[in-house]
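A.B. asks: with the sequence up front, the predicted model follows.
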Amino acid sequence: MKYYIVDAFTDSPFSGNPAGVVLLGDNPFPTEKLMLQIAAELRYSETAFVRRLSPAKYHMRYFTPNAEVELCGHATVGAFVLLHRLGLAEGHCLCHTMAGDLDIEAGERVLMQMAAPRITRTIDDTATLYKALGLEDNHSGLPVQVAYSGLEDIMIPVTDTATLNALQPDMEAVAALTQKYEAVSFHLFALADDGYTAHVRDFAPQYGIPEESATGTANAALTHYLAANGVAPATGDFTFLQGEAMGRPSVIATRTTSDGNIYVGGTAAIVAQGDLLPLL
């Protein structure tokens, strides 16, 4: 197996959000135990395992260091930029995932269809969530809701970008609360008027990810949340800046279409490659 380290949602190495990508060719997936061990060894928030089913059809599975997840946006973007540069993917492709079959436009800039977005529930006990972040209760006027676009994430509004970037969450409390609400992460955002739709931070300590520098699925869900709450139009193009507080700024583009589909796009930089030796 070949593995690669790819920084997604950026043109520059050592920026954006890094992911592991393991290319299997047309071979079957290894055992779940081995894929989990490989993801833990690579130590990135997610590692994508990629099977090629046909020249324009792929099957991907995604592992954090702790568990398998249904979908990972930044690992998918990184994987298809890699496949494009290796001459294995060009133009329209289909990607089978646990979250469903996704349309992908492969190239130097990847645009991927996300799972159908929705708001799954509203959280009324917001004081406990904000306490875990070291903040008083919600003063934004927007609700705290769990939104889905492949994964369930808790959308948490913060009043301004300075407050957002200064936060030092209680990670044990965040992990306990994401588990309580059966979500993957706390996805915090502050609306902006500086050319970005919002500045965001994402915390998923329950899955071994204290903070993530770019999250495609969560920002797709945020795009739907903003439209559902009247903050953004129902269709259009949006951009989110993430990873500032980590020193790894990432720009995530999203697009909503009139048929209700939502897409996440971006570029990627390939940082390293290597061989996984046949240990078993």
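C.D. replies: Okay, I see it.
A.B. asks: CA only for contacts and neighbour counts going forward, please
C.D. replies: Fine.
A.B. asks: would you map the helices across the stretch 51-200 of the chain?
C.D. replies: Counting by DSSP state H, counting those that start in this stretch, the stretch 51-200 of the chain has these helices, from start to end: 73-85, 126-132, 161-166, 171-180.
A.B. asks: quick one, which of the ones you listed is nearest to Phe29?
C.D. replies: Nearest of the helices of the stretch 51-200 of the chain to Phe29, taken as Cα to Cα: helix 73-85 at 16.0 Å.
A.B. asks: for that closest one, packing partners?
C.D. replies: strand 2-8, strand 17-23, strand 47-54, strand 100-106, strand 110-113, helix 216-228, strand 262-266, strand 268-275 (3 or more Cα pairs under 8 Å, 6 or more residues apart in numbering; DSSP states H and E).
A.B. asks: circling back: which of the helices of the stretch 51-200 of the chain is buried the deepest?
C.D. replies: Stretch with highest mean neighbour count among the helices of the stretch 51-200 of the chain: helix 73-85 (a mean of 27; mean count of other Cα atoms under 10 Å).
A.B. asks: centre of the chain to it, how far?
C.D. replies: With Cα atoms, centre = their mean, to the nearest Å as the basis, helix 73-85 stands 13 Å off its chain's centre.
A.B. asks: dump the helices of the stretch 51-200 of the chain to TSV, plus mean pLDDT and distance to Gln113.
C.D. replies: Below are these laid out as TSV (pLDDT from 0 to 100; distance: least, Cα to Cα, whole Å):
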stretch	mean pLDDT	distance to Gln113
helix 73-85	94	10
helix 126-132	96	30
helix 161-166	96	28
helix 171-180	97	25
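A.B. asks: I'd like these laid out as JSON lines, including distance to Arg43.
C.D. replies: Shown next, in JSON lines, are the helices of the stretch 51-200 of the chain (distance: least, Cα to Cα, whole Å):
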{"stretch": "helix 73-85", "distance to Arg43": "13"}
{"stretch": "helix 126-132", "distance to Arg43": "25"}
{"stretch": "helix 161-166", "distance to Arg43": "24"}
{"stretch": "helix 171-180", "distance to Arg43": "18"}
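A.B. asks: which stretch among those comes nearest Val146?
C.D. replies: Taking the helices of the stretch 51-200 of the chain one by one with Cα to Cα, helix 171-180 is closest: 10.1 Å.
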